[in-house]
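> pasting the structure only:
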């Protein structure tokens, strides 16, 4: 990817993350996003169709980073260590300011559950028909719901119990 494209996209995504720290996503306009990112409207529209497209790309980037840092193919997805690393990555991802209550059960949660369930780092990966992958998919989908309801500290305290529960689910 061209360095200019990377810088422009990074500026736009960073500006959106900053703006969402102080206001709701629905209140962010393309105009103020461009002002904050210091890019022109034509440059914005060259890369994105609207603000939702920026959110989608931020989600994809965050999912990719979380999966790469959480699973390396040799890790037990139900281990306490994996669940702690997973929690750290979700709660401290660049997307965190965009995650409002209920968001983990939305598009971000589904993308993350699919990627974790498939063991791939591609956000649009598919778990396929492999029963083991489907079990991981459903376990991580449920885990995202727990994270959403508990918050960071409570999630981290609950990791031992969640690990046991996920282990039981994955064993069938």
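Good, I have the coordinates. What you see is a predicted model; the values in this text were computed from it and never measured.

> do you know how far residue 60 is from residue 111?
7 Å (CB to CB, to the nearest Å). In short, each C-beta sits where N, CA and C put it, glycine included.

> neighbour count winner among the two?
Taking neighbours as other CB atoms under 10 Å, residue 60 and residue 111 compare with residue 111 leading, 23 against 17.

> I'd say the more buried one and residue 63 touch.
Yes - contact criterion CB atoms under 8 Å: residue 111 and residue 63 qualify, at 4.9 Å.

> leaving out sequence neighbours, find the closest residue to residue 142.
Distances taken as CB to CB, 6 or more residues apart in numbering place residue 169 nearest to residue 142, at 7.7 Å, with adjacent residues excluded.

> for the one you found, give its distance to residue 85.
19 Å.

> again, but for residue 24
Taking CB to CB, one finds residue 24 at 30 Å from residue 85.

> who's more crowded, these two?
residue 85 (16 against 10).

> helix or strand: which one has that one?
For residue 85, the element it lies in under DSSP states H and E is helix 80-91.

> buried ones in stretch 32-42?
33, 34, 36, 37, 39 (16 or more other CB atoms under 10 Å).

> mind listing what the last one touches?
Contacts for residue 39 were tallied using CB atoms under 8 Å, 6 or more residues apart in numbering; they are 8, 11, 12.

> quick one: end-to-end distance for stretch 18-25.
End-to-end distance for stretch 18-25: 11 Å, by CA to CA, to the nearest Å.

> for the remainder of this discussion, apply numbering that starts at 24.
Understood, numbering begins at 24; the last thing we discussed is stretch 41-48.

> the helices in the chain, which residues?
26-43, 53-60, 64-70, 74-93, 103-114, 130-141, 154-173, 175-194 (DSSP state H).

> relative to helix 103-114, how tilted is the fourth one?
Translated: helix 74-93. 160 degrees (axes from the mean of the first three to the mean of the last three CA atoms, to 10 degrees).

> does anything pack onto helix 74-93? Which helices or strands?
In terms of contacts (3 or more CB pairs under 8 Å, 6 or more residues apart in numbering; DSSP states H and E), helix 74-93 is packed against helix 26-43, helix 53-60, helix 103-114, helix 130-141.

> got a list of contacts for the longest one?
If you take CB under 8 Å, 6+ apart as the criterion, helix 26-43 is touched by 51, 55-57, 59-62, 66-67, 70-71, 74, 77-78, 80-81, 84, 117-118, 120-121.
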